[in-house]
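S.K.: Need the 3D shape of this:
(2 chains)
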Amino acid sequence: MSAATAGDAPAVAWETVIGLEVHAELRTATKLFCGCRNSFGEEPNTNVCPVCLGLPGSLPVLNKAAVEYAMRIGSALHCGIQASIFHRKNYFYPDMPKDYQISQYDVPINVDGWLELSGGERIGIVRAHLEEDTGKTTHVGGGGRIHEAGYSLVDFNRAGVPLVEIVSAPDIRSSEQARSYVEELRAILVATGASDGKMEEGSLRVDANVSVRPAGSGGFGTRCEIKNMNSLRSLGRAIEYEAARQVAVVQGGGEVVQETRHWDEAAGRTGSMRSKEEAYDYRYFPEPDLVPVDPGEAWISAVASALPPLPASRRAAVAGASGMDASSDAVATVVRLGLDPFVEAVAGGPGSRENVAAIAVRRLANEVAAEIDSVGRLSPASFAALVRMEADGSLTAAQSRTVLKELLASGGEPKEVAGRLGFEAMAAGDLEAVVEEVIAAHPEEWARFLAGEDKLTGFFVGHIKVATEGRANLGAASALLRALRG
Amino acid sequence: MATRISASDVAHVARLARLELTGEELDRFTGQLGAVLEHARDVEALDVAGVPPTAHPLPLVNVLRDDVVTPSLDRDEVLAQAPSVESHRFRVPRILGEEP
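M.R.: Next up, the predicted model:
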């Protein structure tokens, strides 16, 4: 890259433009067009029948549950759900014995929706359509790489498993936003029950269309499609690498070639897959063996009204209860980890509800999130009791954190744990007595405090902290000082 | 016959379908396919502005089955049909194209 040499135009700021295609396997019992089991990790070629093996004379029949799951996804993504048809996508590759994949082409079931990221930005959804998954190929010899391999082995258990492909608009502008999009989409898929969202088992697969343009320009650069990213981390790395590569190409006076590129996790780079002798032409045509799907208003509204609360509305609920910002990291963490029932558990108790819930969110997003695998030891009731002890001043924030860590490590009841740790509540009367002693010991400062010198609050609180060896609730102490001032 | 389809169109479609045609076959099929397209021109003569596209010749929608598992085929029987098998998988020759 030689953009910064003297005499050149000022360095251009570049913007990355990303659209994501996410394939999600649906959690049906059977495949999309036949009654074979939809199950990951079984003995090869045990879940196969004439339909998914493409044997002559077999005919596909659409799985109603797959349609229902696709509609749930569309509804959760605010898409229009419409009458749709299937096409054959023809290609030569041995992962589909029919030599075509049944997919939806120009009339998909879900169109024009949006997804709201936890930070509040909206990403457009172009479409979310139904299609069948392909079989699994294993390349033998040549280190498992397809072009060096001596031959390949095919397992058709996955052939015909139902997928929904969710295509975003090119609205994503950074690798962090791309990860945030996939995290949010995965949470939605899991919440709707449509998919288990496991990237490591391949039930959620992400391809990225990446291009670059000078920041602020309205047009789009030539894009490359990046494949083979098996985790959120590799998605982020691949996008970063590819955007930098394209900027270097353009700044070096070259042109980005539209192509599919393969992410190599070990090498940390994208590489061109073979150059194409001929642009893809899948010769799509309507699948004559399947009739249209037209769910109709009644089914669509039944699906919409049966949707569980989705992450965005759960974040809004936690924000509403605690007075915190719905787009804050703390609220996002609480919802992502499924801890919102703990916030609900404190909502009904005594004390300022917002204050108590805000303490709850902070404790959940920090101490509980850090030990999330131990959350089973914490009951919502004992968590709520702890948060109330902190809110009413019987425990300081530091003591409350310590008790919470102990509850997560060993279980128990907060009162008993606090007692065992020597965090006995300092009775309000005892605190008052200490405050009066401190005031008596510093008459000059007290007079200045009474005269309006507010910064002396810290002076008194510091002395109270020392006098009580840290057992005083400092918020309660400041409140007491203000009350005594009248 | 009007040129509804050119010899190079036919060669392109043949290549997509991995068909190798001789020059004589190319001429013959170009003529035949042209005749098919000529027939379709009859439809073009009609005013179909108000007619919605037909997705399927049968007046049916929503032919669906319940999500109930049915028995799969016996693996040994399935693999016995294949020209080559290894580790209970179908063994296929080296793949020259790219993944779609």
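
S.K.: From here on, just use CA atoms for contacts and neighbour counts.
M.R.: Fine.

S.K.: secondary structure element for A:E437?
M.R.: helix A:428-441 (DSSP states H and E).

S.K.: Remind me what that helix packs against, helices and strands.
M.R.: helix A:456-467, helix A:474-485 (3 or more CA pairs under 8 Å, 6 or more residues apart in numbering or on different chains; DSSP states H and E).

S.K.: Can you tell me which of those helices is nearest to A:H87?
M.R.: If you check each of those against A:H87 by CA to CA, helix A:474-485 wins as the nearest, at 66.7 Å.

S.K.: Could you list every helix and strand in contact with that closest one?
M.R.: Using 3+ CA pairs under 8 Å, 6+ apart, helix A:474-485 sits against helix A:428-441, helix A:456-467.

S.K.: can you give me the angle the helix holding A:E437 makes with helix A:474-485?
M.R.: Going by axes from the mean of the first three to the mean of the last three CA atoms, to 10 degrees, helix A:428-441 is angled at 60 degrees with respect to helix A:474-485.

S.K.: In the chain, where is pLDDT below threshold?
M.R.: All of this is about chain A. By pLDDT under 70, the low-scoring segments of chain A are A:1-10, A:143-147, A:274-280, A:348-353, A:424-428.

S.K.: I was thinking of chain B, sorry if that wasn't clear
M.R.: B:1-3, B:97-100.

S.K.: how far away is A:S195 from chain B?
M.R.: Distance from A:S195 to chain B, counting by CA to the nearest CA, to the nearest Å: 15 Å.

S.K.: Can you tell me the SS state at that residue?
M.R.: coil (DSSP: H, G, I helix; E, B strand; the rest coil).

S.K.: got the phi/psi numbers for it?
M.R.: Main-chain torsions, A:S195, degrees, to the nearest 10: phi -150, psi 160.

S.K.: which residues touch whichever residue of the stretch 101-250 of chain A sits closest to chain B?
M.R.: Nearest residue of the stretch 101-250 of chain A to chain B, counting by CA to the nearest CA: A:Y151, 4.1 Å away. Counting by CA atoms under 8 Å, 6 or more residues apart in numbering or on different chains, A:Y151 touches A:139-141, B:91-95.

S.K.: With neighbour count added, can I get the residues you listed in JSON lines?
M.R.: Shown next, in JSON lines, are those (neighbours: other CA atoms under 10 Å in any protein chain shown):
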{"residue": "A:H139", "neighbour count": "22"}
{"residue": "A:V140", "neighbour count": "17"}
{"residue": "A:G141", "neighbour count": "14"}
{"residue": "B:R91", "neighbour count": "22"}
{"residue": "B:V92", "neighbour count": "19"}
{"residue": "B:P93", "neighbour count": "12"}
{"residue": "B:R94", "neighbour count": "16"}
{"residue": "B:I95", "neighbour count": "18"}
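
S.K.: isn't A:F449 right next to A:L456, touching?
M.R.: Yes. Between A:F449 and A:L456 there is a contact under CA atoms under 8 Å: 6.0 Å.

S.K.: Same drill for the two, tell me which one is more crowded.
M.R.: A:F449 (19 against 15; other CA atoms under 10 Å in any protein chain shown).

S.K.: Show me what whichever strand or helix holds A:L130 is packed up against.
M.R.: Element membership of A:L130 [criterion: DSSP H and E] is strand A:122-132. Packing contacts for strand A:122-132, counted by 3+ CA pairs under 8 Å, 6+ apart, involve helix A:64-76, strand A:100-103, strand A:110-116, strand A:162-168.

S.K.: ranges for the helices of chain B?
M.R.: For chain B, the helices defined by DSSP state H occupy B:7-16, B:23-44, B:75-80.

S.K.: Nearest approach to A:P44 belongs to which of the ones you listed?
M.R.: helix B:75-80 (8.7 Å).

S.K.: What residues sit buried inside the closest one?
M.R.: Neighbour counts over helix B:75-80 (16 or more other CA atoms under 10 Å in any protein chain shown) mark B:75, B:78-79 as buried.

S.K.: That helix and chain A, are they touching?
M.R.: Yes. Helix B:75-80 is in contact with chain A by CA under 8 Å from any CA of the partner chain, via B:R75.

S.K.: Within range of chain A, give me the residues from chain B.
M.R.: Residues of chain B lying near chain A (CA under 8 Å from any CA): B:16, B:55-56, B:58, B:60-75, B:86, B:88-100.

S.K.: Which among these count as buried?
M.R.: B:16, B:55-56, B:61-62, B:64, B:67, B:72, B:75, B:88-92, B:94-95.

S.K.: Would you tell me which helix is longest in chain A?
M.R.: Chain A, longest helix under DSSP H: helix A:232-251.

S.K.: Give me the distance from that one to the chain's centre.
M.R.: Its chain's C-alpha centre and that of helix A:232-251 lie 22 Å apart, by CA atoms, centre = their mean, to the nearest Å.

S.K.: List the contacts of it.
M.R.: With CA under 8 Å, 6+ apart as the criterion, helix A:232-251 contacts A:1-3, A:14, A:16, A:175-176, A:178-179, A:182, A:206, A:208, A:210-212, A:226, A:229, A:255-256, A:263, A:265, A:268-270.

S.K.: which residue sits closest to whichever residue of chain B sits closest to chain A, ignoring its sequence neighbours?
M.R.: Residue of chain B nearest chain A, by CA to the nearest CA: B:R94 (4.1 Å). Spatial nearest neighbour of B:R94, chain neighbours left out: A:Y151 (4.1 Å); criterion: CA to CA, 6 or more residues apart in numbering or on different chains.

S.K.: mind checking how far the one you found is from B:L60?
M.R.: Distance, A:Y151 to B:L60, by CA to CA, to the nearest Å: 44 Å.
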